[in-house]
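[1] okay, sequence plus prediction incoming.
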Amino acid sequence: MSTEKLTIAKAITAGLADELRADDKTMLLGEDIGSLGGVYRVTEGLKAEFGAQRVVDSPLAESGIIGTSIGLAMRGYRPVAEIQFDGFVFPGFNQITTQLAKMRARTAGTRQVPVTIRIPYGGGIGSVEHHSESPEALFAHTAGLRILTPSSAHDAYWLTRKGIQSQDPVIIFEPKRRYWLKGEVDRENPGAADNPFIAQVVRRGTDATVVAWGPLVPVALAAAETAAAEGRQLEVIDLRSLSPIDFDALETSLRKTGRMVVAHEAPTFGGLGGEISARLTERAFLALEAPILRVGGFHLPYPPSRVEEQYLPDLDKILDAVDRLFTY
Amino acid sequence: MVSDAQTVPQPLPPEAVQLMTPQGAPPSALNEASERFLPYLQRLNTEAAQNIYRTMVTTRRVDQEATALQRQGQLVLWVPSSGQEGAQAGALAALAPQDWIFPTYREHAMALGRGVTPRELLLLFRGAAHSGWNAQDYRVHPYTLVLAAQALHATGYAWGVGLDQCDWTSQQRAENGEVVLACFGDGASSEGDIHESMVFAASYDAPVVFFCQNNHWAISVPFEVQSRVPIARRAAGYGFDGVTVDGNDPLATYAVTAWAAEQARSGTGPVLVEAHTYRMGAHTTADDPTKYRGRDEEQSWSALDPITRMRSYLTAQDLGDDAFFSAVDEEAEDLAAQTRQAVVSMTAETIPALDDVFAHAYAEPHPLVEAERAWHHTWEAGFAETEGENR
């Protein structure tokens, strides 16, 4: 097994490059992704290798990027669109939700639109307004889309490749504050990432389950580390796919531990934590020792970054929720 | 010699290309702007000219029938196209068989003219399907109800055409190059997606003909609220050509679109055509135009009815005799009867089941959809058992 140590950002670069090599119909488009290599340099070097026709510096227009990607996909291309930041996806929201997601159903399965949309998301980077949001629930609510979010370099490489290969439209939310997190990447063997739509148990435990995804997986793991020192064994699940959600894996864990916390950066209200809580309550009510608790953002516009640490779920908030699980 | 007042009726802008008088008098360049398009008319042979007329007449008859079907509760909605047949049939005649059409939801003459059957066309308005036809079969994309969204799909598709044909010679392009006709209305011209599609099309020299049917009313909002200038003048701001044409003059619309398609096919990028026309009826059957516009305006446009003008032209040019016109009328009646029959005979068997929506939501297996589909089957089966017991 040959592995290499890469940051999440460079693992995504490698995934994009390998897909560009594998299929000459694959093309990347987005703002500043060519010569600059993207604001996070995720596409660095790709224009030089694959040319300006396949790594396209597009006009600054999100609806245009998504809408033309739909047309390119109909023509037989496999566009991978980059949205520069989470909060800027909304000019393209209409094209994603009313067009991209529905095209296959509208055409009774005769039109495939295998468009991939990459969105760096989440907070914790000390940025300005509209650069730190977690809009995943807004898209997960729309049928016709698939949503992935990696938390490790290996997954970042493979989820990128699998997302592009999917015949369905896929949004990949990239945890931007983890872009520089390093990990071993095996470019030949996907392992569990062969099916990117199943959740991963990233730490075994017996006392309670913590569900997290993307940027919060390292936080959940750190919480489990601390809890272990205090004598509580937490199982940590990295959801990886937000649409579909692997409820089977969550149910298995919940039946084992009887207690669950769902942590995400997006506001708690109307977030995916509520969906997970409701469904697992339906599926495993009698296995519950306590209600499933959610740890998320406040019902606020994402705050100025000087106070984002107070807004974001952290190790203490997760551990506090775990403690509350044991008071029922 | 006809006076200007007759040749260019208000509110047609003075630069509108017009090759036929309001009375349908034979083609000539009626103003300076029209001169360069006259040669394109030479490509329109008798059969093609007759076909424009046939498409207009049969479409209007289907339109009338569909309106009646909606009033009888057989359709959930209908979007009338009366008055706009000239713009649509003229433009359609200018396209090559390999060209693509990305319509809004009112391009009935284009769809029927390309062979989409009335049944396929009306499945959407019956509430039985989102698109009743396979786009590939007719090279007509599904109707799009979100304003202007399809202009970006058309542009992306055309961008792909350009990439596919980047190594082609000019001769190959002229013979087999594909052009995409992106349809939109004056109301949609206010949407950002029109702006973005024009920016992208210009950036990548996409072979798109932006085809705006300015029918002067965006439901109840007049064109004057949408734009200070004719839409075609906006093209200059994006760096390509724009032409305004009398959309109720099918010959002029044909000639201008033929020129535009030739430009786009050559690989030099997009072109914008604005066809000034008039929606003679309501926006949809849910609308009441008497609440927002005057009878005299409607009457002044009725005088420019493209069907009447084309018939006068065909007669004057000896391109159609009574036998031809009767045959077309008969064909239109047949099609109307087929339309009615197709709609009223749509039953549970011919209307797609909810199960098909489950089947097509995703290309690859999706556990949530599969679980809900299984639940729905069980639910439905429960009713079947109850019905059996009651029998």
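    Good, I have the coordinates. None of the values given here were measured: they were computed from a predicted structure.
[2] show me where the stretch 151-300 of chain B has its strands.
    B:180-185, B:208-214, B:217-218, B:221-222, B:242-246, B:271-276 (DSSP state E, counting those that start in this stretch).
[3] nearest residue to the middle of the chain?
    Answering for chain A, as no chain was given. residue A:149 (1.8 Å; CA atoms, centre = their mean).
[4] hmm, I had chain B in mind actually
    residue B:107 (2.4 Å).
[5] so for residue B:36, which of the strands of the stretch 151-300 of chain B sits nearest?
    Closest approach to residue B:36 among the strands of the stretch 151-300 of chain B is made by strand B:242-246 (9.6 Å; CB to CB). (C-beta placed from N, C-alpha, C; glycine too.)
[6] any residues touching that closest one, and which ones?
    B:8, B:12-13, B:15-18, B:20, B:33, B:230-236, B:252-253, B:256, B:259-260, B:271-276, B:304 (CB atoms under 8 Å, 6 or more residues apart in numbering or on different chains).
[7] ok now that strand, how far from the chain's centre?
    16 Å (CA atoms, centre = their mean, to the nearest Å).
[8] before we move on, what about stretch B:30-42?
    Worked out by CA atoms, centre = their mean, stretch B:30-42 lies 23 Å from the chain centre.
[9] could you measure from residue B:74 over to residue B:125?
    According to CB to CB, to the nearest Å, residue B:74 stands 9 Å off from residue B:125.
[10] and residue A:271, how far is that from residue A:173?
    For residue A:271 relative to residue A:173 (CB to CB), the value is 13 Å.
[11] more neighbours: which of the two?
    residue A:173 (25 against 21; other CB atoms under 10 Å in any protein chain shown).
[12] in terms of helices and strands, where is that one?
    Element membership of residue A:173, judged by DSSP states H and E, is strand A:170-175.
[13] quick one on the thing from earlier: who's more crowded, residue B:74 and residue B:125?
    When neighbours are counted by other CB under 10 Å, residue B:74 and residue B:125 differ, and residue B:125 comes out ahead with 23 against 17.
[14] quick one, helices of chain A?
    A:8-22, A:46-50, A:62-74, A:93-94, A:103-106, A:136-140, A:153-165, A:217-229, A:247-257, A:272-284, A:308-311, A:315-325 (DSSP state H).
[15] just to revisit the earlier point, output the strands of the stretch 151-300 of chain B as JSON lines; include the columns mean neighbour count and mean pLDDT.
    What follows is those, written out as JSON lines (neighbours: other CB atoms under 10 Å in any protein chain shown; pLDDT from 0 to 100):
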{"stretch": "strand B:180-185", "mean neighbour count": "29", "mean pLDDT": "98"}
{"stretch": "strand B:208-214", "mean neighbour count": "31", "mean pLDDT": "98"}
{"stretch": "strand B:217-218", "mean neighbour count": "21", "mean pLDDT": "94"}
{"stretch": "strand B:221-222", "mean neighbour count": "14", "mean pLDDT": "93"}
{"stretch": "strand B:242-246", "mean neighbour count": "28", "mean pLDDT": "97"}
{"stretch": "strand B:271-276", "mean neighbour count": "28", "mean pLDDT": "98"}
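[16] adding distance to residue A:18, write those strands out as a markdown table.
    Listed next are the strands of the stretch 151-300 of chain B as a markdown table, based on distance: least, CB to CB, whole Å:
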| stretch | distance to residue A:18 |
| --- | --- |
| strand B:180-185 | 32 |
| strand B:208-214 | 33 |
| strand B:217-218 | 48 |
| strand B:221-222 | 51 |
| strand B:242-246 | 43 |
| strand B:271-276 | 39 |
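[17] and those: which comes nearest residue B:84?
    Using CB to CB, the strands of the stretch 151-300 of chain B put strand B:208-214 closest to residue B:84, at 5.7 Å.
[18] please report how far the closest residue to residue B:52 other than its chain neighbours lies from chain A.
    In space, and not counting its chain neighbours, residue B:52 is closest to residue B:89: 4.6 Å by CB to CB, 6 or more residues apart in numbering or on different chains. Residue B:89 sits 25 Å away from chain A, going by CB to the nearest CB, to the nearest Å.
[19] distance of residue A:83 from residue A:185?
    Taking CB to CB, one finds residue A:83 at 24 Å from residue A:185.
[20] repeat for residue B:220
    59 Å.
[21] got it, and residue B:124?
    For residue B:124, the distance to residue A:185 - CB to CB - is 48 Å.
[22] repeat that for residue B:62.
    For residue B:62, the distance to residue A:185 - CB to CB - is 60 Å.
[23] now residue B:224
    Residue B:224 is 60 Å from residue A:185, by CB to CB.
[24] more neighbours: which of the two?
    When neighbours are counted by other CB under 10 Å, residue B:224 and residue A:185 differ, and residue A:185 comes out ahead with 23 against 9.
[25] let's see stretch A:271-281 as PDB, backbone CA atoms only.
    Coordinates of each C-alpha in stretch A:271-281 appear next as PDB, following Å, rounded to 0.1, in the frame of the first residue of the first chain:
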ATOM      1  CA  GLY A 271     -30.500  22.100  10.900                       C
ATOM      2  CA  LEU A 272     -29.700  18.500  10.000                       C
ATOM      3  CA  GLY A 273     -29.300  17.600  13.700                       C
ATOM      4  CA  GLY A 274     -33.100  17.900  14.000                       C
ATOM      5  CA  GLU A 275     -33.600  15.500  11.100                       C
ATOM      6  CA  ILE A 276     -31.200  13.000  12.500                       C
ATOM      7  CA  SER A 277     -32.700  13.300  16.000                       C
ATOM      8  CA  ALA A 278     -36.300  12.800  14.700                       C
ATOM      9  CA  ARG A 279     -35.500   9.800  12.500                       C
ATOM     10  CA  LEU A 280     -33.400   8.000  15.100                       C
ATOM     11  CA  THR A 281     -36.100   8.600  17.700                       C
END
